[in-house]
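> Got a predicted model here, sequence first, then my questions.
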Amino acid sequence: MTDQSSPAAKFFTAQRKHKMGVGLLTITSLITVAPIIALGIYILVLGWPAISWTFLTQMPSDGMRSGGILPAILGTIYLTIGTALFSVPPGLAAAIYLAEYASDSRWTRLIRIAMINLAGIPSVVYGLFGLGLFVLFLGFGSSILAASLTLSIMTLPVIISTAEEAMRTVPQNFRVVSISLGATRWQTIWRIILPQSLPGVLTGVILGLERAAGETAPILFTGAAFFLPRLPRSPMDPTMALPYHLFVITTQVPGMPIKIQYGTVLVLLAFVLGMNVVATIIRSRARARRQW
Amino acid sequence: MSETSPPVSSQVKFGEQIITFLIRLAGYLSILYVALICIFLLREGLPALTGVSISGLLRTTWYPIEGYFGILPLIFGSLVVTIGAILIAIPLGIGTAVFISELAPAWTKEVLKPLVEILAGIPSVVLGFVGILVLAPFLRRALNLPTGLTAFTGALLLGWAAIPTIVSVSEDALNAVPRAYREAGMALGATPWQTIWGVTFPAARSGIITAVMLGVGRVMGETMTVMMVTGNAPVIRASLGALFSPVRTMTATIASEMGEVANGSLHYEVLFMVGILLFLFSLAINVIAFLISSRRMKREERLLS
C-alpha cells in the first residue's frame, strides 16, 4: 500500500471488504429464509385451533362453512396413490435403463432433453394435456383416474432423475463382482443395485409425490371437484382435493370462516411437508449406515 | 468347491429378455410423453386459427365473450410478473447459494438447506393464500394502492417460489468448481471474498446462468399463486405503474377460464393456443439452459484432459 492511496481505498482494505461481503451474504440468506420460518409459525398458530377430530373426519356442511374436510383429505390421498401407481413403476424402469443399460448415444441424449423438457412444462399445460388426452380423447371424464395419470406424467422426470442418480452412486465394483459370480444383468440389478440404492430411490419417489400432492393446476380440469356431497366410489369419479379445496374456500366462497381456511392450509402443509420430513429421515439414516 | 455355478436356464433367459425389453421401453417413455403433449396441444389448439387470424391474436384486447382474443395483454402480464420475480430471486437466490456453498459454518448450512428445501415443497396455492390474506392487504396499506392484488404482489411471492430452484442449481455449480482453484486463489494471498468473486464465481458462471434460466421457467409457469394474487386484469400499461396494478398472466387465464368454456368452442381452442405458447417458451428456456450447461461440461473436459 502506498501513501498516495485515497482514504476510501485505505478504508476498504481487502480484509474489511471480506468482512462486509460475509455480512452482506449473511443478511441475504436471512432475508431468504426468515419469511419461510415466519410463514410456518403463522400458519401453525392460526391453523391449530381449527384442528379437531371433527374437522379431520367429517364431511363439510353448510356450504363448506362448517363441518370437516374429510373428502378433500381422502381425495388427496387417492390422487397421491394413483399418481404413485402410474409414475413409480415406469419411472424406476426408466431410471434403470438410463443408469444400467443406456450408452451415451444420440438417443440417450434425446431422452435427457425430453426429461428436462417434461420437468419444465408449466403445470397448467399438463392440465390442458390431461384434459385433451385423458378426459376427452380417451373418455375417462373428469375423474381420479384422469387426474392421477396427468399428475403421474408431471412427476415422472423427478422420479427418473433422482432414482438414476441413486443407482449411479452404487460402486462399479458391486456390478463387476456380481456379474463375475455368474449373475445375469437383471439379477445384478434386482439383487444388488436396487437394494443398495433403495434409500435414494425412495427419497426421490417421495419428493416427486410430494410435489404432485400439492399441485392444483393439473387437476383443475381433469378430476378436481368444487364440492361433492359424497365420497368418490370408484376411480372414474371426480374428487375433492386439499389444494383445490383451499383455492375454492379462499377465492370462491364468500363469508368463509377464517378458522377453516387456516385449518385447511395447516392440514395441506402438514401432509406435504410430512412427506418431505420422511424423505429427509430416510436419506440421512441411509447416509449414516452406508458402508461404501 | 464341488458345486459349479448353476447354468442359466433358458426360462430365466426368456424372462430376462422380456424384462430388458420393458426397461428399454420405459427408457423411451419421456420422449413418448413429450410427443403426446405436443400432439394433443396442437390437436386442440391449432383449429383456433380457423376462427381467429394471427393478427387477431396479436391484438391488445382480451375479451372472449365479445370475441376479442388478443393475447398480447396476457403475454405482457406474464412478462411483468416474471421480470419482477426474477429480479427479486436472483440476488437472494445466488447470494444464499454462495453463502451456503462457500462461507457458512457447518451448523448454519444444516439449518439453511432444509429450510430452502421446505420452501421448494410449499404448494403454490398456499403461497397464493398467504398472498391474499396477508401480503396483499399489507402492500395496499403500505404503498397506498387502490388494491393489493397487483403484479408486484405476485412477483414478490414468485420471487420466493423461484429461490429454491436458483439456490440448488447454483450451489451444485459452485460445488463442482475444483478445490484446487480456491486453494490457488488463497495461496496467492486473496481473501476468501476475493477468491469467491475472482475465482469460484466466474468458474461456476455458466451453471449459475442455467440456474437463473430454470428459475425464469419456474416463475413463468406458475399458475395458482398468480391467479390468486395478481388481480386478473388483462390490460397493458406502458409505464412502471404496471408493476403496481393488476395484471393477468397466460397461466392464470387458462386456469380461470378453461373451466367455464364449452369443449371445442373457439374460446377453448384459443386457450389451448395460449398453452402451446407457454409450452414453446418453456421448451426454449430449458433447451437453452441445457445447452449452456452441456457446453460448459465439454469445455471443462478439454481443460482437464
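Good, I have the coordinates.
> which residues sit in contact with the spatially closest residue to residue B:93 that is not a sequence neighbour?
Spatially, and ignoring its direct neighbours in sequence, residue B:93 is nearest to residue B:166 (3.1 Å; CB to CB, 6 or more residues apart in numbering or on different chains). Just so you know, the C-beta spots here come from the backbone N, C-alpha and C atoms, and that holds for glycine as well. Residues near residue B:166 by CB atoms under 8 Å, 6 or more residues apart in numbering or on different chains: B:89, B:90, B:93, B:94, B:97, B:211, B:212, B:214, B:215.
> ok now the helix or strand the third one falls within, how far from the chain's centre?
In other words, residue B:93. Element membership for residue B:93 (DSSP states H and E) is helix B:72-98. Taking the mean of its C-alpha atoms, helix B:72-98 sits 10 Å from the chain's own mean (CA atoms, centre = their mean, to the nearest Å).
> Which of the residues in that helix are classified as buried?
B:73-82, B:84-86, B:88-90, B:92-98 (16 or more other CB atoms under 10 Å in any protein chain shown).
> Could you tell me the angle between the helix or strand just after that helix and helix B:72-98?
On the C-terminal side of helix B:72-98, the closest following helix or strand by DSSP H and E is helix B:106-121. Put simply, helix B:106-121 runs at 160 degrees to helix B:72-98, going by axes from the mean of the first three to the mean of the last three CA atoms, to 10 degrees.
> For the helix holding residue B:93, give the mean pLDDT please.
In this model, helix B:72-98 has a mean pLDDT of 95.
> close to chain A, is the longest helix seen in chain B?
Counting by DSSP state H, the longest helix found in chain B is helix B:266-304. Yes: using CB under 8 Å from any CB of the partner chain, helix B:266-304 reaches chain A at B:271, B:272, B:275, B:278, B:279, B:282, B:283, B:285, B:286, B:287, B:289, B:290.
> Find the nearest non-adjacent residue to residue B:155, please.
Residue B:155's closest residue in space is residue B:84 (CB to CB, 6+ apart), at 2.9 Å.
> Show the contacting residues for the one you found.
Residue B:84 makes contact with B:151, B:152, B:154, B:155, B:156, B:158, B:159, B:243, according to CB under 8 Å, 6+ apart.
> looking at the residues you listed, which has the most residues close by?
Using other CB atoms under 10 Å in any protein chain shown as the neighbour criterion, residue B:154 leads the contacts of residue B:84 with 36 neighbours.
> Next up, the contacts around that residue.
Contacts of residue B:154 (CB under 8 Å, 6+ apart): B:81, B:84, B:85, B:131, B:225, B:226, B:229, B:230, B:247, B:249.
> Any figure for the gap between it and residue B:186?
Computed with CB to CB, to the nearest Å, the distance linking residue B:154 and residue B:186 is 43 Å.
> do residue B:146 as well
From residue B:146 over to residue B:186 the distance is 55 Å, taken as CB to CB.
> Also residue A:218?
Counting by CB to CB, the separation of residue A:218 from residue B:186 is 49 Å.
> So between these two, which is more surrounded?
Ranked by neighbour count (other CB under 10 Å), residue A:218 and residue B:186 place residue A:218 first, with 29 against 14.
> thought the more buried one was touching residue A:131?
No: judged on CB atoms under 8 Å, residue A:218 makes no contact with residue A:131 at a distance of 9.7 Å.
> Show me where chain A dips below the pLDDT cut-off.
Counting by pLDDT under 70, chain A has low-confidence residues at A:1-5, A:10, A:291-292.
> Quick check: closest non-adjacent residue to residue B:262.
Once flanking residues are discounted, residue B:262 sits nearest to residue B:268: 6.5 Å by CB to CB, 6+ apart.
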